[in-house]
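Trainee: Let me see the structure of the following:
(chains A and B)
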Amino acid sequence: GAVVSQHPSRVICKSGTSVKIECRSLDFQATTMFWYRQFPKQSLMLMATSNEGSKATYEQGVEKDKFLINHASLTLSTLTVTSAHPEDSSFYICSASHFGNTIYFGEGSWLTVV
Amino acid sequence: QKEVEQDPGPLSVPEGAIVSLNCTYSNSAFQYFMWYRQYSRKGPELLMYTYSSGNKEDGRFTAQVDKSSKYISLFIRDSQPSDSATYLCAMNNGGATNKLIFGTGTLLAVQP
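Mentor: Here you go, the predicted structure:
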């Protein structure tokens, strides 16, 4: 099946710094990518919908200035957590849609803010 | 009421058992239904994808959709310890830009 790659898989950063997570569709073009956050033993929480060449659409309650999303090409979307705080520590997952409704997920990125 | 309801489990079965996982939903506009498997500390893996009502089989997995009852199921035959994971149902109205609505996930443990 289609492959979505995330990088890095794990990152530790200091409080107050910014960290970037990349999401790539490896063998298909994705006009739309989605970014999720998942807390332990909970389901995925949609943060934003990333559209190639336009601004991301953020879900209610998600700070767009804190979670910057850029979808510069049909195969790459990035999530930048700005001025990270320990409460931003979480599992971040991206997904991309392939030929309509088949949606594939990346492996996820563990962020720890110390 | 949540748009998608899923029993969180945990569900524990012996190896070789038939497992039935279910979700109910309230939005009659949903047309695309998916089941994902998520191992601990990993991203979800697409298992089954179904459009509208009907059955779909892939190896040991069978997905059923009953739109009249707003009820979907995933059956796992001859369950294996490697099937131990969280199973998430997901659905949407259609179109690549439509966001998925997820169930809470069911934690399955298959005992050897």
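
Trainee: Distance-wise, check the residue sitting nearest the centre point of chain A relative to chain B.
Mentor: Nearest to the mean C-alpha position of chain A, by C-alpha atoms, centre = their mean, lies A:Trp35 at 3.8 Å. A:Trp35 sits 11 Å away from chain B, going by C-beta to the nearest C-beta, to the nearest Å. Where you see a C-beta, it was placed from the backbone N, CA and C, and this is true even at glycine.

Trainee: Just grab the bridge partners of that residue for me.
Mentor: Taking DSSP bridges, one finds A:Ala48, A:Cys94 as the beta-bridge partners of A:Trp35.

Trainee: which parts of chain A sit against chain B?
Mentor: Residues of chain A that fall close to chain B, judged by C-beta under 8 Å from any C-beta of the partner chain: A:1, A:4, A:6, A:31-32, A:34, A:42-44, A:46, A:49, A:51, A:91, A:93, A:95, A:97, A:100-108, A:110.

Trainee: For chain B, what lies in contact range of chain A?
Mentor: Close to chain A, as judged by C-beta under 8 Å from any C-beta, chain B has residues B:32, B:34, B:36, B:41-46, B:49, B:51, B:88, B:90, B:92, B:94-100, B:102-105.

Trainee: which of those residues are buried?
Mentor: Among the residues of chain B next to chain A, the ones that count as buried by 16 or more other C-beta atoms under 10 Å in any protein chain shown are B:32, B:34, B:36, B:42-46, B:49, B:88, B:90, B:92, B:96, B:98-100, B:102-105.

Trainee: Now do the contacts for residue 52.
Mentor: Assuming you mean chain A. A:Glu52 makes contact with A:30-32, A:71-74 under the criterion C-beta atoms under 8 Å, 6 or more residues apart in numbering or on different chains.

Trainee: other chain: chain B
Mentor: B:31, B:65, B:67.

Trainee: how about 6 Å then?
Mentor: Counting by C-beta atoms under 6 Å, 6 or more residues apart in numbering or on different chains, B:Ser52 makes contact with B:Gln31.

Trainee: Which secondary structure element of chain A has the lowest mean pLDDT?
Mentor: Least confident helix or strand of chain A, by mean pLDDT, DSSP states H and E, is strand A:102-105 with a mean of 85.

Trainee: Which elements pack onto that strand?
Mentor: With contacts defined as 3 or more C-beta pairs under 6 Å, 6 or more residues apart in numbering or on different chains; DSSP states H and E, strand A:102-105 has these neighbours: strand A:90-98.
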